[in-house]
Every structure is written in C-alpha cells, then in structure tokens.
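Visitor: Dropping the sequence and predicted coords here.
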Amino acid sequence: MSLHQKIQDDLTSALKAGDGFRVGVLRMLSSSLHNRSIEKKGKGQDTELTDEEALEILGREAKKRKEAAELYEKGGRSDLSAKEKQEFILVKAYLPEEVGDEEIGKVIEGVLANMGKVTQKEFGKVMGEVMKQLKGRADASAVSALVKKRLQ
C-alpha cells in the first residue's frame with residue numbers, strides 16, 4: 001500500500017471516529033499530496049506519486065510544523081505552539097525513523113573517504129551527497145552541524 005493511500009485510509013478512519021484534530025491534519029497532508037500530483041500532471045508526467053515523493057512532501061510539512069512551533073514559542077503563544085507540536089508528531093508518524101548522530105557520522109565519513117581531501121569550500125558538495133544517502137531520515141540542521149564540525 002502506498003503512503004498516499006495509507007493517509008487516505010487513515011483519514012477515512014478518523015472521519016468515522018469523529019477525531020476532528022486528526023481529520024484536519026490528514027486533510028492537510030492529503031491536500032499537499034494531491035497538489036503535487038496535479039503539478040506532475042501539468043508537466044505531462046504520471047500523476048501517481050511514488051513513496052519517495054510522498055516522503056519528501058511529508059518531510060517538508062513536518063519541518064513547517066516544527067518551525068512554526070518554535071516561532072510561536074518565541075512569541076509567547078504556547079497554545080499555538082502546542083497545537084503545532086501535536087501536528088508535527090502526527091505528521092512524523094508517517095515518516096521513517098530518523099537516524100542518530102552516530103549513523104550520520106558514519107555516512108559523513110564514507111562520503112569524505114570517497115571524495116578524498118575536502119576543504120570547507122566544498123561543504124555544499126559534502127552536504128548534498130550525505131543528504132542524498134540519508135534520504136530524509138535525518139534533520140538537515142543536525143547533518144549540517146556534524147559536517148561543519150568534521151570539516152574543521
């Protein structure tokens with residue numbers, strides 16, 4: 001079962017259960033996925049989303065919720081921050097489990113070994129390759145911090 005279909009099924013279940021909060025978040029996710037499908041149709045591509053594309057979209061939505069929660073917290077709006085955090089938790093449930101710093105470090109070492117001698121100027125190349133290998137299983141800010149630390 002595709003990730004998109006799983007979200008649709010969960011939305012149906014949430015509607016039947018009368019869980020308004022969950023319905024709202026799942027509708028938002030479904031809408032984002034549907035918009036990407038329409039985008040693909042406009043480009044003349046197959047409208048069916050792959051799980052990789054769906055994970056990319058869900059990752060973006062999770063990041064939005066996380067950043068919004070932090071901003072609300074800074075602004076003194078703990079009520080809105082709590083709501084965003086709940087949405088983040090719900091979206092995160094559909095994403096693969098994130099890898100830890102140790103695993104990220106191993107990937108960074110592997111990339112650096114393949115690239116040979118790397119300088120600070122090549123930070124972007126290293127980040128790109130590491131993120132490609134991790135494919136959404138790690139937070140970019142955590143990876144960035146570890147790459148910077150390793151290149152120094």
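Guide: Ah, there it is. Residues are numbered from 1 along each chain as shown.
Visitor: Every contact and neighbour count from this point should use C-alpha atoms.
Guide: Will do.
Visitor: And the contacts of stretch 12-32?
Guide: 4, 7, 8, 10, 11, 57, 58, 61, 87, 90, 91 (CA atoms under 8 Å, 6 or more residues apart in numbering).
Visitor: what about the residue of the chain most remote from its centre, which SS state?
Guide: Centroid-distance maximum for the chain: residue 117 at 30.7 Å, with CA atoms, centre = their mean. Following DSSP: H, G, I helix; E, B strand; the rest coil, the label given to residue 117 is coil.
Visitor: Okay, it and residue 123: tell me how far apart.
Guide: 12 Å (CA to CA, to the nearest Å).
Visitor: ok, now residue 16?
Guide: Residue 16 is 49 Å from residue 123, by CA to CA.
Visitor: and the two? which has more neighbours close in?
Guide: Higher neighbour count among residue 16 and residue 123: residue 123, with 14 against 10, using other CA atoms under 10 Å.
Visitor: Can you pull the phi/psi pair for the more buried one?
Guide: phi -50, psi -50 (degrees, to the nearest 10).
Visitor: Would you mind confirming that it is in contact with residue 149?
Guide: No: Residue 123 is not in contact with residue 149 according to CA atoms under 8 Å; the separation is 10.9 Å.
Visitor: For the host helix or strand of residue 150, buried residues please.
Guide: Residue 150 is located in helix 140-151, with elements delineated by DSSP states H and E. Under the neighbour-count criterion of 16 or more other CA atoms under 10 Å, helix 140-151 has 143, 144, 146, 147 buried.
Visitor: Check the residues you listed against residue 49 and report the nearest one.
Guide: residue 143 (27.0 Å; CA to CA).
Visitor: This structure: helices as residue ranges?
Guide: 3-17, 20-42, 51-74, 78-92, 101-115, 123-134, 140-151 (DSSP state H).
Visitor: Run through who's touching the fourth one.
Guide: Put plainly, it is helix 78-92. Against helix 78-92 from outside (CA under 8 Å, 6+ apart): 22, 25, 58-59, 61-63, 65-66, 68-73.
Visitor: for the third one, same thing?
Guide: Residues lying outside helix 51-74 but in contact with it, judged by CA under 8 Å, 6+ apart, are 2-4, 29, 32-33, 78, 80-85, 87-88, 91-92, 94-95, 136.
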